[in-house]
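**Student:** Sequence first, predicted model second:
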Amino acid sequence: AQSVTQPDIHITVSEGASLELRCNYSYGATPYLFWYVQSPGQGLQLLLKYFSGDTLVQGIKGFEAEFKRSQSSFNLRKPSVHWSDAAEYFCAVGINTGGFKTIFGAGTRLFVKA
Amino acid sequence: NAGVTQTPKFRILKIGQSMTLQCTQDMNHNYMYWYRQDPGMGLKLIYYSVGAGITDKGEVPNGYNVSRSTTEDFPLRLELAAPSQTSVYFCASRSSGQGSGEQYFGPGTRLTVT
């Protein structure tokens, strides 16, 4: 069965430090991959997505993610975290099975300390 | 362009009551989705629709019903509310165009059943 694993429930990073959020997926074919961000009390907003081509994708707010097929991973990175990046981050896999469905990971909550 | 709107924002129900969560999108998207979000669990798909008149069950459909009479609207009906339905509910939509797996989310409805 398809699944998405985000092994870190929460992460604390100092402002200005680099960030990497981990994501592993289980899916038989080449997946559509997404990272969404959710600020408190808000809906989810797309940060970036991967369908094909260059395995390093750039997103909004200075985020990037790298698709590694051999590791079934799609980790999210940012070189320098800002206090406004504190939020919950969701990795997701899109599956095209007669009605595109998205399977979400459980999320990683990012805390940023001054 | 309002995007995806949801009403109400908050609601408290007594056990056994019924209610309808409203969702409307103005992007002419064919695909619409209802998710529930519970702490530490990510988003679980309740129902989805690939177009007006067509709906299908997701992972956790029990206790819910949907209809899709227009492209714009996708209401979620709770019959006989139970405490297990206490959650935050998100509606989302996406285009059916090629490579457009991104979903657009509403702000959510926080429901408490007591």
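**Tutor:** Good, I have the coordinates.
**Student:** When you work out contacts or count neighbours from here on, use the C-alpha atoms and nothing else.
**Tutor:** OK.
**Student:** Partner strands of the lowest-mean-pLDDT helix or strand in chain A, with direction?
**Tutor:** Every helix and strand of chain A was ranked by mean pLDDT, DSSP states H and E. The lowest is strand A:101-104, at a mean of 88. Sheet pairing of strand A:101-104 (DSSP bridges) gives strand A:87-95 (antiparallel).
**Student:** ok now the partner strand, how far from the chain's centre?
**Tutor:** Centre-to-centre, strand A:87-95 and its host chain are 5 Å apart (C-alpha atoms, centre = their mean, to the nearest Å).
**Student:** Around chain A, which positions in chain B sit nearby?
**Tutor:** Residues of chain B found near chain A (C-alpha under 8 Å from any C-alpha of the partner chain) are B:31, B:40-44, B:49-50, B:90, B:99, B:101-108.
**Student:** in chain A, what residue is nearest chain B?
**Tutor:** Nearest to chain B, among the residues of chain A, is A:Ala106, at 3.8 Å (C-alpha to the nearest C-alpha).
**Student:** tell me which element the most centrally placed residue in chain B is part of?
**Tutor:** Centre of chain B computed as the mean C-alpha position; nearest residue by C-alpha atoms, centre = their mean is B:Trp34, 2.8 Å away. Following DSSP states H and E, one finds B:Trp34 within strand B:31-37.
**Student:** Same question for B:Arg11.
**Tutor:** Assigned by DSSP H and E, B:Arg11 falls within strand B:10-13.
**Student:** mind showing which ranges of chain B have poor pLDDT?
**Tutor:** The model of chain B has pLDDT under 70 over residues B:1, B:97-100.
**Student:** one more time with 80
**Tutor:** Scanning chain B with the threshold set as pLDDT under 80 gives B:1, B:40, B:96-101.
**Student:** so which residue of it comes closest to chain A?
**Tutor:** Residue of chain B nearest chain A, by C-alpha to the nearest C-alpha: B:Gly42 (3.8 Å).
**Student:** And the pLDDT at the nearest residue to that residue once chain neighbours are set aside?
**Tutor:** Leaving out its chain neighbours, the residue that sits closest to B:Gly42 by C-alpha to C-alpha, 6 or more residues apart in numbering or on different chains is A:Ala106, at 3.8 Å. pLDDT for A:Ala106: 93.
**Student:** if I pick A:Ala106, what's in contact with it?
**Tutor:** Taking C-alpha atoms under 8 Å, 6 or more residues apart in numbering or on different chains, we find A:Ala106 in contact with A:Val4, A:Thr5, A:Gln6, A:Ile9, A:Phe90, B:Gly40, B:Met41, B:Gly42, B:Leu43.
**Student:** Wasn't it part of a helix?
**Tutor:** No. A:Ala106: not assigned to a helix; according to DSSP: H, G, I helix; E, B strand; the rest coil it is coil.
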